[in-house]
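Novice: Following is a predicted model, sequence given first.
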Amino acid sequence: MRMLPDLGVLVAYCTFIVIQSHLPSPIDLPEVSHSDKLLHLGAYAVMAALCYRTCRAGWPQAGRPTLFWASVVFTALFGLTDEIHQAFVPYRSADPLDFLADTVGAVAGALLYQRLFDPARRPARAALPRAD
């Protein structure tokens, strides 16, 4: 039950990604080569961080490497299914470089979340002696 709020946010974010992928074109990008890859990297970094947080809440006994890889694999597989989905959307296409950017974003997001926010990383407070 502890993970339900985090799971709700993750599911809402994944739904947002699917809706964006189903639209003909999300936004007009400047004419910079591969600039959309930065959007993929950022979006999937956020997804991996949300996934890590959800896994930590629902699976508190899991170690940091397990949480990292679970987040990366989930996010990368979601990116793969998203690229396959786009192959069937008019005016969109499946791009292997987008999948690569999704996967790199997944690694970056899970790693950043783990390094910055994972409570298991924070040192335990030393117990102060009681003044009786």
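Specialist: Good, I have the coordinates. As the structure is a prediction and not an experimental result, all values here were calculated from the model. Numbers count the residues shown, from 1 in each chain.

Novice: which intervals of the protein have sub-threshold pLDDT?
Specialist: Flagging of the chain using pLDDT under 70 yields the residue ranges 25-33, 121-132.

Novice: got a list of what M3 touches?
Specialist: 54, 57-58 (CB atoms under 8 Å, 6 or more residues apart in numbering). (Each C-beta comes from the backbone N, C-alpha and C, glycine too.)

Novice: Chain neighbours aside, what residue packs nearest to it?
Specialist: Take M3 and drop its neighbours on the chain: the residue closest to it by CB to CB, 6 or more residues apart in numbering is G58, 3.4 Å away.

Novice: Now do the same contact list for the one you found.
Specialist: 2-3, 6-7.

Novice: what do you get for C51?
Specialist: Contact partners of C51, counting by CB under 8 Å, 6+ apart, are 10, 70-71, 74-75, 110.

Novice: try L100
Specialist: K37.

Novice: What separation is there between it and A57?
Specialist: Note on L100: its distance to A57, by CB to CB, to the nearest Å, is 29 Å.
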